[in-house]
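# here's my sequence, what's the structure:
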Amino acid sequence: MFLRLLRRFVAFFSRKIFRHVLTLLFSVRVSGEEHFWAGGKRSLIIANHLSSLDSFFLFIYLPEIPVFTVYDSEKK
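Here you go, the predicted structure:
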């Protein structure tokens, strides 16, 4: 129980700090954030390009901590 609370506490504050730093370093534009909660408890977020930084930026800028699913077309 304590470890789960500590993990969420660290994730919350690290996201806040990284959000401010990344906003200073990059020109990040978030649009449609008001629609995030319209999907209810579950929402599907699709990144518009295939950068390895997409998951990091989604983790930082989404209002909730996301769960990621990755499709690798190279594996058969």
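# run through the protein and note the low-pLDDT ranges.
70, 75-76 (pLDDT under 70).
# residue closest to the middle of it?
Phe59 (2.0 Å; Cα atoms, centre = their mean).
# could you tell me which residues make contact with the residue lying closest to that one once chain neighbours are set aside?
Spatially, and ignoring its direct neighbours in sequence, Phe59 is nearest to Pro66 (6.3 Å; Cβ to Cβ, 6 or more residues apart in numbering). Any C-beta I mention is one placed from the backbone N, CA and C, and that applies to glycine too. With contacts taken as Cβ atoms under 8 Å, 6 or more residues apart in numbering, Pro66 has the following neighbours: 45, 58-59.
# swap in 10 Å and give it another go.
Taking Cβ atoms under 10 Å, 6 or more residues apart in numbering, we find Pro66 in contact with 43, 45, 55, 58-59.
# which two in those are spaced the farthest apart?
Using Cβ to Cβ, the contacts of Pro66 reach their maximum pairwise distance at Ser43 and Ser55, which is 15.5 Å.
# thinking again about what came up before, check contacts around the residue nearest to the centre of the chain.
Applying Cβ under 10 Å, 6+ apart, the residues near Phe59 are 11, 14-15, 18, 65-66, 68.
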